[in-house]
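Fold the following for me, if possible:
(one chain, ligands or ions: 2)
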Amino acid sequence: MYINQHLCDVCGTCVSVCPVDAIEVFETQVVIDNDVCISCGKCAQVCPARAIGDAL
Ligand code: SF4
Ligand code: SF4
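Ligands and ions are numbered 1, 2, ... in the order given. Here you go, the predicted structure:
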């Protein structure tokens, strides 16, 4: 899964729903580690900015 950095406002909502802790919050951006991500789609469902998708 990928985060569109232009849409993401770094709210952190996606981080808490990830079952495998694949999402990391840095000071100015949120990043998904696709070596860990199992593509469950939960982060995309909860993102209020609709910034997460399965392709860039
Ligand atoms: S798709 Fe699922 S496993 Fe991948 S980052 Fe989002 S919540 Fe985590
Ligand atoms: S839920 Fe969406 S807007 Fe919030 S940090 Fe995650 S990707 Fe960014």
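
Enumerate the residues of this protein near ligand 1.
1, 17-18, 20, 22-23, 32, 37-43 (CB under 6 Å from any ligand atom). Just so you know, the C-beta spots here come from the backbone N, C-alpha and C atoms, and that holds for glycine as well.

Any chance of CSV for the residues you listed, columns secondary structure and pLDDT?
What follows is these, written out as CSV (DSSP: H, G, I helix; E, B strand; the rest coil; pLDDT from 0 to 100):
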residue, secondary structure, pLDDT
Met1, coil, 96
Val17, helix, 98
Cys18, coil, 98
Val20, coil, 98
Ala22, coil, 98
Ile23, strand, 98
Ile32, strand, 97
Cys37, coil, 97
Ile38, coil, 97
Ser39, coil, 96
Cys40, coil, 97
Gly41, coil, 97
Lys42, helix, 98
Cys43, helix, 98
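
Put together TSV for these, with neighbour count on each row.
Output for these, formatted as TSV (neighbours: other CB atoms under 10 Å):
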residue	neighbour count
Met1	20
Val17	14
Cys18	20
Val20	10
Ala22	20
Ile23	22
Ile32	18
Cys37	17
Ile38	12
Ser39	11
Cys40	14
Gly41	12
Lys42	16
Cys43	24
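
Rebuild the residues you listed as a markdown table, extending it with distance to ligand 2.
Below are the residues of the chain next to ligand 1 laid out as a markdown table (distance: CB to the nearest ligand atom, whole Å):
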| residue | distance to ligand 2 |
| --- | --- |
| Met1 | 9 |
| Val17 | 9 |
| Cys18 | 10 |
| Val20 | 15 |
| Ala22 | 12 |
| Ile23 | 7 |
| Ile32 | 9 |
| Cys37 | 13 |
| Ile38 | 17 |
| Ser39 | 15 |
| Cys40 | 14 |
| Gly41 | 13 |
| Lys42 | 10 |
| Cys43 | 6 |
